[in-house]
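Participant: sharing a sequence plus its predicted fold:
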Amino acid sequence: MINRFEEAVRVYIKALEINEKSAECHFNLASAYNDLLDYQRAVVHYIRSIELDEGNVDAYICLGGVFESMKIPDKAEKYYRMALERDPGNSRAVDALKKMKNVG
């Protein structure tokens, strides 16, 4: 599995060399880093994806998930709430916030 994600990282880095302003490539690269448990790089690329496409609700939710994995619940909650600002009632964001309240 890891080899597939490492290959994805290489592919998306090459794609970003061609178009560094691709929100989708930053999002996909962040997701590959997340799958490799490289949370610091995942954060960088999810944030860049959001900067390029503020409407990408999935990026906010995934970033919240990364912060949960990093044991930074205040930042996780911030990004889940930002997702809900853009998509009120989003079930993934609502469920993530509920889960955090049940755990915390």
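Facilitator: Cool, the structure landed.
Participant: quick one, phi psi at L37?
Facilitator: Main-chain torsions, L37, degrees, to the nearest 10: phi 60, psi 20.
Participant: how about it, nearest residue that isn't a chain neighbour?
Facilitator: S69 (7.9 Å; C-beta to C-beta, 6 or more residues apart in numbering). To be clear about C-beta, it is placed using only N, CA and C from the backbone, and glycine gets the same treatment.
Participant: now swap in S31 and tell me
Facilitator: Closest to S31 by C-beta to C-beta, 6+ apart is C62, at 6.6 Å.
Participant: and the helix ranked longest in the chain, average pLDDT?
Facilitator: As assigned by DSSP state H, the longest helix anywhere in the chain is helix 2-18. On average, the pLDDT along helix 2-18 is 93.
Participant: what packs against it?
Facilitator: With contacts taken as 3 or more C-beta pairs under 8 Å, 6 or more residues apart in numbering; DSSP states H and E, helix 2-18 sits against helix 23-35.
Participant: try 10 Å this time
Facilitator: Under the contact criterion of 3 or more C-beta pairs under 10 Å, 6 or more residues apart in numbering; DSSP states H and E, helix 2-18 touches helix 23-35, helix 39-52.
Participant: kindly reformat the ones you listed as TSV containing mean pLDDT and distance to P73.
Facilitator: Formatted as TSV, the helices and strands packed on helix 2-18 follow (pLDDT from 0 to 100; distance: least, C-beta to C-beta, whole Å):
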stretch	mean pLDDT	distance to P73
helix 23-35	98	17
helix 39-52	98	14
